[in-house]
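In: just a sequence and a predicted model for now, questions to come.
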Amino acid sequence: EAQVTQNPRYLITVTGKKLTVTCSQNMNHEYMSWYRQDPGLGLRQIYYSMNVEVTDKGDVPEGYKVSRKEKRNFPLILESPSPNQTSLYFCASSFKGREYEQYFGPGTRLTVT
Amino acid sequence: GQSLEQPSEVTAVEGAIVQINCTYQTSGFYGLSWYQQHDGGAPTFLSYNALDGLEETGRFSSFLSRSDSYGYLLLQELQMKDSASYFCAVRAKAAGNKLTFGGGTRVLVKP
């Protein structure tokens, strides 16, 4: 089944404790992206990657890191999480040139206390 | 930068027609996408307008007018399962490959 998977689905952590949210897709998509969703603010792009070893900042990259060492994986790293990073996070992927049609993972609900 | 404006909420009854408008401010973009998101779920792609005009996909249609910086999603023959949030999104030419979403419109369908 074609899908985007994220882990964990739910995470409660404390300020400053490094964490990684994994994202994997099995559709051979070149483009991968991370979004955060907050009430009233819609989806905001954090980082995206056009292909292996190619990443770029979205609209809200501060406090986040990403890497793209393999085509299928695009982990999101919070080196020192803060409460304002409490949010619902989505990973998405698409074929290059079809970034308008993105496939989203199920989401990761993160709470930072 | 880019900004997309959508109404925050729309309420309608089953069988009705709902139009969700999306106005944007961007100097140039590749096209306008629409996504649906049910409560607790992930966004799913609905439609894309690369050119001006109307695109129809079953009960849903999407429209784009670049000259008016405006687009809309039309939901016809509303069903209870259409209760969800709907987002427009653009990939602006000046923004590389960033995708910018509107704030979303929550559609509530009543019996």
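Out: Yes, it's here. Numbers count the residues shown, from 1 in each chain, chains lettered A, B, ... in the order given.

In: what about the closest residue to residue B:83 other than its chain neighbours, neighbour count?
Out: Setting aside the residues directly before and after it, residue B:83 is nearest to residue B:109 in space (CB to CB, 6 or more residues apart in numbering or on different chains), at 4.7 Å. Yep, even glycine has a C-beta here, placed from its N, CA and C like the rest. For residue B:109, the neighbour count with other CB atoms under 10 Å in any protein chain shown is 20.

In: list the pairing partners of the longest strand along chain A within its sheet, with orientation.
Out: For chain A, the strand with the greatest residue count under DSSP state E is strand A:42-51. Partner strands and pairing direction for strand A:42-51 (DSSP bridges) are strand A:31-38 (antiparallel), strand A:54-57 (antiparallel).

In: direction included, what does the host helix or strand of the residue nearest to residue B:83 pair up with?
Out: Element membership of residue B:109 [criterion: DSSP states H and E] is strand B:105-110. Based on DSSP bridges, the pairing partners of strand B:105-110 within the sheet are strand B:9-13 (parallel), strand B:84-92 (antiparallel).

In: now that strand: buried residues?
Out: Using 16 or more other CB atoms under 10 Å in any protein chain shown as the burial criterion, the residues of strand B:105-110 that qualify are B:105, B:106, B:107, B:109.

In: repeat for stretch B:23-34
Out: Applying a neighbour-count criterion of 16+ other CB under 10 Å, one finds B:24, B:26, B:29, B:30, B:31, B:32, B:33, B:34 buried in stretch B:23-34.

In: for my notes, confirm the fourth one occurs in a strand.
Out: Yes - assessed with DSSP: H, G, I helix; E, B strand; the rest coil, residue B:30 lies in a strand.

In: does it touch residue B:91 like I think?
Out: Yes - shown here, residue B:30 and residue B:91 form a contact pair, counting by CB atoms under 8 Å, at 5.0 Å.

In: and chain B, which residues reach chain A?
Out: Remark: the part of chain B in contact with chain A comprises B:1, B:8, B:30-31, B:33, B:41-45, B:48, B:50, B:87, B:89, B:91, B:96-104, using CB under 8 Å from any CB of the partner chain.

In: show the buried residues in those.
Out: Among the residues of chain B next to chain A, those classed as buried by neighbour count (16+ other CB under 10 Å) are B:30-31, B:33, B:42-43, B:45, B:48, B:87, B:89, B:91, B:97-104.

In: what's the offset of the strand holding residue B:109 from the middle of its chain?
Out: Distance, stretch centre to chain centre, for strand B:105-110: 13 Å (CA atoms, centre = their mean, to the nearest Å).

In: from the rest of the structure, what touches it?
Out: Taking CB atoms under 8 Å, 6 or more residues apart in numbering or on different chains as the criterion, the residues outside strand B:105-110 that touch it are B:6-14, B:18, B:20, B:75, B:78-80, B:82-87.

In: tabulate the CA atom coordinates of it in PDB.
Out: Provided in PDB are the C-alpha atoms of strand B:105-110 (Å, rounded to 0.1, in the frame of the first residue of the first chain):
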ATOM      1  CA  THR B 105     -12.300  26.800   6.000                       C
ATOM      2  CA  ARG B 106     -14.300  24.600   8.300                       C
ATOM      3  CA  VAL B 107     -17.400  23.300   6.600                       C
ATOM      4  CA  LEU B 108     -20.200  22.000   8.800                       C
ATOM      5  CA  VAL B 109     -23.000  20.100   7.000                       C
ATOM      6  CA  LYS B 110     -26.300  19.800   8.900                       C
END
